[in-house]
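Asks: quick check, what structure comes out for this input:
(chains A and B, ligands or ions: 2)
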Amino acid sequence: MIKNYLLLALKVLRRKPFYTFISLFGISFTLMILMLITSMGDALFGANKPMSEVDRMVFLPALSRYTQFYDTIYTIDSVLMDDGTMRYDSTFDTEEIGSNNSDGSMSYHFITEYLHGLSDVSEATAFSPSSFVDGYLDGRKVTFRTYYTDGNYWNVFDFNFLHGLPYGKDDVDGGNQIAVLTDKAATEYFGEASDDVIGREVTLGDRTYRVGGIVARPLKDDPTIQGDVYLPVTTMDRRALDAKTLEGSFSAVFLATSPGKRESIKKQLEFLAENFVMPPEEDYEEIALYPGTATEVFAGGIMQERDYDLAKMMFFIPLFLLLFLFLALPLINLINLNVSRVYERKSEIAVRKAFGARSADILYQFIFENLVLTFIGGAIGLILAFFVIRAVNANDLIGIVRLSFSFKVFFYFIVVIVLFGLLSGLLPALRMSRTNIGTALR
Amino acid sequence: MIELNNISKSYRTDTIETLALQHMNLSVPAGEFLSIMGPSGCGKSTLLNIMGLIDEPSEGTVVLAGREVTDYNGSKVARFRNEQLGFIFQSFHLINDLSVVDNVELPLLYRKLGGKERRRLALEALARVGLSNRATHFPNQLSGGQKQRVAIARAIVGKPNIILADEPTGNLDSHMGGEIMDILTRLNKDLGTTIVMVTHDERMAKRTHRLVRLSDGERVS
Ligand SMILES: Nc1ncnc2c1ncn2[C@@H]1O[C@H](COP(=O)(O)OP(=O)(O)OP(=O)(O)O)[C@@H](O)[C@H]1O
Ligand SMILES: [Mg+2]
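Replies: Ligands and ions are numbered 1, 2, ... in the order given. Model (predicted):
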């Protein structure tokens, strides 16, 4: 019987090429876009190396120093008394009329001096991202984006080491000139990224480092992991490292003991900022810290909004609305198509019933047609998504971000489509299967 | 076999009420070949639809094979339609998305039959109406007469006990019409199939056992 329905469905779909094409196009195209968007979301926010523990990370990219100005405002109220005299009352208020602030990265001194010893933190790292350092080899110059990091950096971020090892705390403390290169940087500098490169010398600026390890370049656009070259923090310019100012070139990332403890770390940092006693030599009176999770910092950065909850709403609500619309439109279209198709086939249903089809037979028939359509559309969408993702990755269409294929998303989408297909085909079919045959056959 | 007791049928539209059948009494014994004649709009198709359980009477009762029909939508009535009834509609009602042979096969889909067996029976029925060479055509590639013959093949393919034929020869030339009459007569004689046929053709009516005339929803003979 199932075979009958299947054959029947294929026959009908083949006989209605336009309808079939529109439906298939709608299903497969929507599926493809959805797969692209979700795989982009996964590439941006997903727990992939070297941010497998992103769910436990608290990011502190910057420090804000500020001074607030207050003004005293007098208000004079006049009251007319019963006896005709006037009385005057004066009140005064202090009101913030402005602030002077300076935002920027932190100094190594500030991070190591004030931000240590927080509870619920399992690892914490301080690093100075994005200095551009020239490397020289045989008179050839290559400019590298260089990160100066502490030893903990490699515990917080689980880089994929292709060759060699990271430098540790002892190397950092000892000021050992050891470099970790990405495979891309190693290839640019040495012409290869193999075991042979480990131990070789790389000249960066006025120092010469020994290559300790080669990591796979992270396929993710994030300012905390975008280096070509990683060097121990103690090998950077000592004046910058030892400066006792608050501002510097460093960021910090804290790894919470569990995802739930991130809030605690954020609270501790905010508390610390509120109760911070400003060193007398600073120009400003107070500091503020804006620690956040990966999505918070991302949304805050894009929206230029310090209130991360607001930033997330401003960024994600329109995004989800858009996504919802994008999904709703083809689905509504599909429903519409289904409904009108069922009504169009009113006389077919009536004829079938006149020759002995039960209501259930009619329902099965439409269910099968929808299922067949859905699965063919799903398969096409899957293939489309696969090729588009491959093309995006091969041509670096969205920077270094690499998209991957999510079978989970595919599965959910198929479930949704089947549900909608069933509902949209079933309800009218159910109604039609009950209509009077005689009147339907007029 | 078929008994109509005091059947009335009225169609209600927004403004007017049409009385298509009034107090109709008719009894068709098993094995009879009955013809129905009457002017256009007198209620012949309505009568046939009520006999075939695809329209409910407004009043009166239908007794089919000894049982009074009360439910017009259940799976029992579906089974009855499938096994006992064969329809030839006045306007054919072929399914345009299906090939000729698939159309003919349709009643068999709702029986427990293998695909090969279904196909064999459908081709056999097509052969009987002289349309073997059009099996893979689609209805919109056929002439009116050919469509009518497909509709006849579909009605006889399941070897039903009752055939309800609404002008089965209306679109055919006298030669083809005669052949269709031969088929129906043979079904009636060989298998004892009860046949109720609406016709405008006196010669066809003469070849049946009995003629019932309608006028304005009433029996006049
Ligand atoms: N669904 C309907 N709604 C309203 N009126 C209807 C409906 N079906 C039939 N009628 C009316 O009932 C009457 C009988 O119709 P019916 O189709 O039974 O006539 P007929 O005898 O078969 O005519 P013909 O020879 O032209 O086929 C007609 O007046 C028709 O207009
Ligand atoms: Mg008629």
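Asks: going forward, measure contacts and count neighbours with C-alpha atoms only.
Replies: Fine.
Asks: so which residues on chain B come close to chain A?
Replies: Residues of chain B lying near chain A by CA under 8 Å from any CA of the partner chain: B:49, B:54-55, B:73-75, B:77-83, B:85-87, B:93-95, B:97-98, B:106-107, B:109-110.
Asks: tell me the residue of chain A that sits nearest chain B?
Replies: Of all residues in chain A, A:Gly356 sits closest to chain B, at 3.9 Å by CA to the nearest CA.
Asks: of the residues of chain B next to chain A, which belong to strands?
Replies: B:Leu85, B:Gly86, B:Phe87 (DSSP state E).
Asks: and the residue nearest to the spatial centre of chain B, helix, strand or coil?
Replies: In chain B, the C-alpha nearest the mean C-alpha coordinate belongs to B:Leu164, at 2.5 Å (CA atoms, centre = their mean). On the three-state scheme (DSSP: H, G, I helix; E, B strand; the rest coil), B:Leu164 is labelled strand.
Asks: how is chain A divided into domains?
Replies: A:2-48+A:313-441, A:108-289 (automatic domain parsing).
Asks: span of the first one from start to end?
Replies: The first residue of domain A:2-48+A:313-441 is 27 Å away from its last residue (CA to CA, to the nearest Å).
Asks: and the residue in chain B positioned nearest to chain A, what does it touch?
Replies: Of the residues in chain B, the one nearest chain A is B:Asn82, at a distance of 3.9 Å by CA to the nearest CA. Going by CA atoms under 8 Å, 6 or more residues apart in numbering or on different chains, B:Asn82 touches A:Ala354, A:Phe355, A:Gly356, A:Ala357, B:Pro107, B:Tyr110, B:Arg111, B:Gly158, B:Pro160.
Asks: hmm, B:Leu126 and B:Ile156 touching each other?
Replies: No - look at B:Ile156 against B:Leu126 with CA atoms under 8 Å: they stay out of range, at 9.7 Å.
Asks: specify the beta-bridge partners of residue 67.
Replies: Looking at chain A here, since you left the chain open. Note on A:Thr67: beta-bridge partners by DSSP bridges are A:Asn100.
Asks: let's do chain B instead
Replies: Bridge pairing for B:Arg67 - DSSP bridges - gives B:Leu64.
Asks: go on, A:Val253?
Replies: Beta-bridge partners for A:Val253, by DSSP bridges, are A:Phe59, A:Thr125.
Asks: on that earlier part again, the residue of chain B closest to chain A and A:Ala288: what is the separation?
Replies: Distance, B:Asn82 to A:Ala288, by CA to CA: 81 Å.
Asks: again, but for B:Ala78
Replies: Between B:Ala78 and A:Ala288 the distance is 78 Å, computed by CA to CA.
Asks: what number of residues lie near residue 190?
Replies: Assuming you mean chain A. 16 (other CA atoms under 10 Å in any protein chain shown).
Asks: wait, chain B was what I had in mind.
Replies: 9.
Asks: now do the same for it: helix, strand or coil?
Replies: helix.
Asks: quick one: the helices in the stretch 51-200 of chain A, in order.
Replies: A:108-114, A:153-156, A:169-173, A:183-190 (DSSP state H, counting those that start in this stretch).
Asks: check the stretch 201-350 of chain A too.
Replies: A:238-242, A:262-274, A:294-303, A:308-344, A:346-354.
Asks: so which of those is nearest A:Lys3?
Replies: helix A:346-354 (17.9 Å; CA to CA).
Asks: dump the contacts of B:Asn82 into TSV; add neighbour count and distance to B:Leu172 as well.
Replies: Listed next are the contacts of B:Asn82 as TSV, based on neighbours: other CA atoms under 10 Å in any protein chain shown; distance: CA to CA, whole Å:
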residue	neighbour count	distance to B:Leu172
A:Ala354	25	24
A:Phe355	28	24
A:Gly356	28	27
A:Ala357	26	29
B:Pro107	28	24
B:Tyr110	20	30
B:Arg111	16	31
B:Gly158	24	23
B:Pro160	21	23
